[in-house]
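K.L.:
Just the structure for this:
(one chain, ligands or ions: 2)
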Amino acid sequence: MEIQKLTKEIRDNFISKQKKRKVDDLATSWFQDDLLYSGSGKSIFLILPTPGCAWALGESGGCSMCSYITDCTLEPIESEKIVKLFKREITTSMEKIRLENDDSTPSPIAIKIFASGSFLNPMEVSKDARDEILDILANMDEIKEIIVESRPEYIKSEVLNEIFSIIGDKLFEVSIGLESENDSIREEKINKGFNKKDFELAISKINKAKNNYSIKSKAYVLVKPILTTEKEAIEDAINTAKYCESIGVDRISFCPATIHKGTLIERLWRKGAYTPPWIWTTVEIINEVRKNIAIPSFMDTSGFGSRRGPYNCKKCNKDLKHMIIQSNLNQSLIEEIDCKCKNQWKSEVKFSDLNKSKTPIKHLPLI
Ligand code: SF4
Ligand SMILES: [Zn+2]
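P.N.:
Numbers count the residues shown, from 1 in each chain. Ligands and ions are numbered 1, 2, ... in the order given. Alright, predicted model coming up:
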């Protein structure tokens with residue numbers, strides 16, 4: 001497939017030039033207010049150093065928009081080292097939260113562990129490291145929810161049983177990058193490497209495990225993959241949210257595309273053949289989804305207003321970003337605001353189909 005050849009070539013080239021970073025510098029964490037399953041609280045975001053996503057490092061070249069491997073060692077790491085860095089980060093974040101909390105009643109805390117790939121793949125995070133990390137969290141009363149990410153192929157009933165034998169009745173969420181409900185978009189524009197059936201199988205395993213455990217699922221939805229118009233991006237994100245709800249996913253997190261270094265999306269962006277979505281597009285999606293879909297939905301705002309991220313104009317970028325962050329916390333609609341740039345967005349959405357050639361794309365527009 002052309003997309004795999006290209007992503008592989010771009011990835012290999014980028015990796016060959018990538019400066020080696022010290023493993024100690026790869027681990028990091030921060031926290032912020034968030035909406036937990038149990039209501040308002042705080043989330044700790046913790047980046048765990050790993051060798052890297054097996055899909056990105058394999059022959060396929062990985063997903064067209066992702067460069068999380070820049071946060072990875074690209075070589076094996078000892079389990080003890082992963083656990084040591086995890087301990088360092090969780091201790092730092094917890095100290096900061098306690099300091100901020102002062103004497104007030106502590107908020108419930110969720111921890112989101114980012115392994116820059118699949119936490120449930122033992123080749124990325126060894127079972128020893130996984131068990132020890134979960135054991136640490138099981139013994140922390142303030143931590144109420146544990147959230148990890150995984151591709152569907154690593155979600156296995158035995159693995160879920162192992163996890164809950166350690167964490168007991170704590171809530172555990174597995175987030176899966178579905179990106180689009182459309183198999184051809186996922187295969188041809190994202191190079192995700194799994195189909196809807198694979199995703200549905202993973203969700204059914206999670207839903208079956210709900211009989212015994214406090215387990216939840218979340219789907220990541222990519223807003224505006226490559227070779228997609230603004231209008232198609234809106235439609236695809238809304239359709240994907242509807243699909244997720246229909247098969248029993250618990251939450252949705254929209255990820256508007258930003259331009260990661262060393263990716264196919266970056267190559268197209270540099271050639272003028274791709275732009276990230278408008279922030280208006282993300283507002284339209286979130287309002288439509290919150291009006292029509294009952295499960296909670298979140299819009300990731302990282303990169304908003306930056307050169308490589310979703311962009312409106314200097315006048316409204318910041319206000320809208322702030323409104324979206326607020327609306328994620330209370331799941332409200334985003335109120336109508338106006339700005340000069342809105343008409344430009346509206347006409348782009350309206351005429352995007354007219355501007356599009358009816359000839360099917362045979363080659364990616366890179367020359
Ligand atoms: S999006 Fe996920 S599966 Fe795809 S390359 Fe990145 S880490 Fe791997
Ligand atoms: Zn504007």
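K.L.:
could you list every residue that touches Asp300?
P.N.:
Residues counted as contacts of Asp300 (CB atoms under 8 Å, 6 or more residues apart in numbering) are 253-256. The way it works is simple: take the backbone N, C-alpha and C, and place the C-beta from them, glycine included.
K.L.:
Over to Asp24?
P.N.:
Residues near Asp24 by CB under 8 Å, 6+ apart: Leu85.
K.L.:
for the one helix or strand it maps to, the distance to its chain's centre please.
P.N.:
In the assignment (DSSP states H and E), Asp24 maps to helix 23-26. Here helix 23-26 is found 21 Å from its chain centre; the criterion is CA atoms, centre = their mean, to the nearest Å.
K.L.:
helix or strand right after the one helix or strand Glu162 maps to?
P.N.:
According to DSSP H and E, Glu162 maps onto helix 157-167. Note on helix 157-167: by DSSP H and E, the next helix or strand toward the C-terminus is strand 171-179.
K.L.:
List of residues touching that following strand?
P.N.:
Under CB under 8 Å, 6+ apart, the answer for strand 171-179 is 37-38, 63, 120, 144-152, 155, 163-164, 185-186, 190, 192, 199, 202-203, 206, 213-222, 225, 240, 244, 250-251, 253.
K.L.:
which one of the contacts of Asp300 has the most neighbours?
P.N.:
Pro256 (26 neighbours; other CB atoms under 10 Å).
K.L.:
touching ligand 1 at all, stretch 56-71?
P.N.:
Yes: in terms of CB under 6 Å from any ligand atom, part of stretch 56-71 sits within range of ligand 1, namely 56, 62-63, 66, 68.
K.L.:
try stretch 154-173
P.N.:
No: Stretch 154-173 does not reach ligand 1 (CB under 6 Å from any ligand atom); its nearest approach is 10.7 Å.
K.L.:
okay, the contacts of Asp300 in a markdown table with pLDDT and secondary structure next?
P.N.:
Conversion of the contacts of Asp300 to a markdown table gives the following (pLDDT from 0 to 100; DSSP: H, G, I helix; E, B strand; the rest coil):
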| residue | pLDDT | secondary structure |
| --- | --- | --- |
| Ser253 | 98 | strand |
| Phe254 | 98 | strand |
| Cys255 | 98 | strand |
| Pro256 | 98 | strand |
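K.L.:
Pull up the residues of the chain that are close to ligand 2.
P.N.:
The chain has residues 312-313, 315-316, 339, 341 near ligand 2, with proximity defined as CB under 5 Å from the ion.
K.L.:
Quick one, which of the residues of stretch 56-71 next to ligand 1 are buried?
P.N.:
For these, a burial check counting by 16 or more other CB atoms under 10 Å picks out 56, 62-63, 66, 68.
K.L.:
Mind checking which of the residues you listed land in helices?
P.N.:
Counting by DSSP state H, those place Ala56 in helices.
K.L.:
Which positions in the protein make contact with ligand 1?
P.N.:
So the chain meets ligand 1 at 53, 55-56, 62-63, 66, 68, 116-117, 151, 177 (CB under 6 Å from any ligand atom).
K.L.:
rewinding a little: which one of the buried ones among the residues of stretch 56-71 next to ligand 1 is nearest to ligand 2?
P.N.:
Distances from ligand 2 to these, taken as CB to the ion, are shortest for Cys66 (28.6 Å).
K.L.:
burial count for the residue of the stretch 151-300 of the chain found nearest ligand 1?
P.N.:
Nearest to ligand 1, among the residues of the stretch 151-300 of the chain, is Gly177, at 5.0 Å (CB to the nearest ligand atom). Neighbour count for Gly177, taken as other CB under 10 Å: 24.
K.L.:
what does the one 3 residues further on give?
P.N.:
Using other CB under 10 Å, Ser180 has 24 other residues around it.
K.L.:
for the one 10 residues further on, same thing?
P.N.:
The tally of other residues near Ile190 (other CB under 10 Å) stands at 26.
K.L.:
on that earlier part again, can you tell me which of the contacts of Asp300 is closest to Lys20?
P.N.:
Proximity of the contacts of Asp300 to Lys20 (CB to CB) peaks at Cys255, which lies at 27.9 Å.
K.L.:
which ones are touching the closest one?
P.N.:
220-223, 300.
K.L.:
which of those residues tops the neighbour count?
P.N.:
Busiest of the contacts of Cys255 [other CB under 10 Å] is Leu222, holding 30 neighbours.
K.L.:
That one contacts Glu181, correct?
P.N.:
No: using CB atoms under 8 Å, Leu222 is not in contact with Glu181; the gap is 11.2 Å.
K.L.:
All the strands of the protein, residue numbers only.
P.N.:
Secondary structure of the chain (DSSP state E): strands located at 28-36, 39-47, 109-114, 143-149, 171-179, 215-223, 251-256, 297-299.
K.L.:
Which one of the ones you listed lies nearest to Arg11?
P.N.:
Nearest to Arg11, of all the strands of the chain, is strand 171-179, at 16.9 Å by CB to CB.
K.L.:
Could you tell me the angle between that closest one and strand 28-36?
P.N.:
100 degrees (axes from the mean of the first three to the mean of the last three CA atoms, to 10 degrees).
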